[in-house]
Structure formats: structure tokens, C-alpha cells
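A.B. asks: coordinates only, sequence not included:
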Ligand SMILES: O=C(O)CCC(=O)C1=CC=C[C@@H](O)[C@@H]1C(=O)O
Ligand SMILES: [Mg+2]
């Protein structure tokens, strides 16, 4: 049994090395928290919240996550006995959605469980790969030169594919430029729902650029529209914001709304649901890859373990720590070599907290006794 003694919420503020610009806006200072779950034997598990400070990606925010955890999710956990992290889905089920809040807590409990069992998080999740392939997501850049330079540098660092952000007015022309300089590199684009079917003429032109896929071109609940679009274009569609659960995946596959799925544990409510989605997609020959939420080291470590499952067959948005941060909060930091990350084999997430760094970024701390 996992007997929890206390939970500590460490609220942090970390400045990204470079602002990340998408069709919704700009992120530079990341407000989030690390959730530390300590059991009666002194084992500690760590999770990271991924909601942003404003609800532009999904409806959750840092504040809603804290509200959900302190007022609902942790009180529910207190009332239940738990022997395995898989049981958490059922325990937290009375609370609707709020997937990022649930995932932060669940992630910490998976880490705690793995540490108690003295196995790696990878082993606990059923991952098999020794290395994972990594791509880079490049936000919208001030100028074309900046973008070309960023791509150049990512390729030099060995990244296996480049993801570019597009939006209306910032798409075909941009790809023409990029393809002129880099005719053969693996490129994909992410629209973060910036288009509608009225943009079909533009979206059809994207077929000319030999893209690996186009991520989330339409609105998050446009399953039928995505199916129509996938029927019209040959570039595979990948769904991100549309996928909140295994049921969404079933719907998307049934309707033909996509050919690829981006899994983000926070968006789907945690690692247990992520594994279910991974397994279902594998059975249906739909490749998946691990998305990113500009995580610090703890969230990044969880992503690395998850991406080691076999059907994560495409490079993910899990770039190395140094791409985002001057100093990360784990040691060693996550390192990318030749476009790959070695999956750690130590107990739990396999990286230690760098307490000095964590303290340096801490804004506040809340202790919840069990
Ligand atoms: O963590 C990373 O490097 C991936 C960043 C990234 O592309 C995204 C992060 C968060 C929200 C979005 O803007 C975007 C995405 O949609 O995948
Ligand atoms: Mg996306």
C-alpha cells in the first residue's frame, strides 16, 4: 500500500531562454508547480503541472490546477487507499475533466510507486526503448532569417525533425522559404486550431511541401471537419488539442479525423490514460509521439519515460533542458545527443531534484498533511 504522509506544492517561476510564440500568444515566464508526494517510509515522488497561466491551450490554468488539487483531488486521495497508481483514475473520476491537475498528482504517484519498487519509471510504464528520438518545436520567429538560423542550429544539434508553427498569412510563403533552404529535412507544422474549412484552398497547398504531418489545423471539437479535411489532403493530420481521452482517440480513428496522435499526459489526465491511448493506437496502426508543454526537468523526465513505449515511433517535442532553461531543476539535466535522449534506468524518474535550483525559482510552498 502507498501510505502518504504529506504533499508539498512548490510553486515556481522560471524564465525561458527564448520567448515561445504561437498563434495564441507568447510564453516567456513559466508559472507552474512541482508536486512532491512523501510517503510514511520517506520515499518521495515528483510530478509537474503543465497548465499555462491563461486558458489558451486548454481551459485549465495554473490557478485552476491548484484549486482543483487543494480543494478536491487531494481531499479525495486522502479518503482512499491506494496500492498502485493505476487506481487513481477511478478515485479521481468523480471530479470532471481538469486533466492537467489530475496528471500532476498522478505523475508524482507513479514516480513514488516506481521508487518504492526500486524500478525505473520506464519499467513501471512498460517502456522498452533504450533511447528516444527527439524533434524540436520552433515557435513563430520575428523574421525569416531568425527562423532559418534556428532550424540550422537544431539540425546541427542532431534534432530528428523540425516542427514549425503556422497561422493564416504565415504558412505557404513561410514553407516555400524554408523548403528552398532545406529541401529534404523532416518538417511538420502545427496550427493550434488557427484554420477553418473555409481555408481549404490554403490547406490543400500544404501538400506541396512534403510535410510529415499537420498538427491540429482546425478547432478542438471539429472531429467531423478534420475527417473531411483528411479526406481532401494527402498530408497526414495529427491531433493535439482535440484529444482529451481514449474515447476522443476512438472517435477520431473511427471518423478518419487523423492519421497520427500527439500524446501529452497532462492533456489526457495522466500516464495511465496515455498508456491506454498508446496501446489502442498501436492496435489500430496509428503512430503516436510525445508532445511537450515547455516543461522543466520533472515533467520532461516523465515525458522521456513515456516516450520509451514502442508505438512512440515518431520523434517527440522533448528537446533537451538546455534548449529551454539556463538552469534546470533536475540533475543531471536532460541531454540530447545526436537527436536522442538516453532513457534513465535509475529508480523512478531517474533524475534527482537540484534543490538549490528549485529553491532559487520557488515563489511559494504549501504543505498538506495527511
Ligand atoms: O515543449 C515543447 O517544446 C513543445 C512546445 C509546443 O509546441 C507547444 C507547447 C504548448 C502549447 C502549444 O503552443 C504547442 C503545441 O501545441 O504542441
Ligand atoms: Mg500542438
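C.D. replies: Arrived safely, thanks for sending. Computed from a prediction, not measured in an experiment: that's the story for all the values here. Ligands and ions are numbered 1, 2, ... in the order given.
A.B. asks: ok and the residue in the stretch 101-250 of the chain nearest ligand 2?
C.D. replies: Using Cβ to the ion, the single residue of the stretch 101-250 of the chain nearest to ligand 2 is residue 240, 3.6 Å away. Placement of C-beta: from N, CA and C, glycine included.
A.B. asks: if I pick that residue, what's in contact with it?
C.D. replies: With contacts defined as Cβ atoms under 8 Å, 6 or more residues apart in numbering, residue 240 is in contact with 190, 192, 215, 216, 262, 264, 267, 291.
A.B. asks: correct me, but the last one touches residue 266?
C.D. replies: No: no contact is recorded between residue 291 and residue 266 when judged using Cβ atoms under 8 Å, the distance being 9.1 Å.
A.B. asks: Who has more neighbours out of these two?
C.D. replies: residue 266 (30 against 25; other Cβ atoms under 10 Å).
A.B. asks: near ligand 1, which residues of the stretch 251-370 of the chain show up?
C.D. replies: When proximity is defined by Cβ under 6 Å from any ligand atom, the stretch 251-370 of the chain lies next to ligand 1 at 291, 292, 293, 294, 317, 319.
A.B. asks: Turn those residues into JSON lines, including pLDDT, distance to residue 10 and secondary structure.
C.D. replies: Below are those laid out as JSON lines (pLDDT from 0 to 100; distance: Cβ to Cβ, whole Å; DSSP: H, G, I helix; E, B strand; the rest coil):
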{"residue": "291", "pLDDT": "98", "distance to residue 10": "24", "secondary structure": "coil"}
{"residue": "292", "pLDDT": "98", "distance to residue 10": "21", "secondary structure": "coil"}
{"residue": "293", "pLDDT": "97", "distance to residue 10": "17", "secondary structure": "coil"}
{"residue": "294", "pLDDT": "97", "distance to residue 10": "18", "secondary structure": "coil"}
{"residue": "317", "pLDDT": "97", "distance to residue 10": "24", "secondary structure": "coil"}
{"residue": "319", "pLDDT": "97", "distance to residue 10": "23", "secondary structure": "coil"}
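A.B. asks: Cross-check these against ligand 2 and keep the overlap.
C.D. replies: Counting by Cβ under 5 Å from the ion, nothing from these sits close to ligand 2.
A.B. asks: Please, a PyMOL command that selects the buried ones among these?
C.D. replies: A single PyMOL command is used to select the members of those judged buried by 16 or more other Cβ atoms under 10 Å:
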select buried, resi 291+292+293+294+317+319
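A.B. asks: With respect to residue 76, which of the residues of the stretch 251-370 of the chain next to ligand 1 is nearest?
C.D. replies: Nearest to residue 76 among those: residue 293, at 24.2 Å, using Cβ to Cβ.
A.B. asks: distance of that closest one from residue 249?
C.D. replies: Between residue 293 and residue 249 the computed distance is 19 Å (Cβ to Cβ, to the nearest Å).
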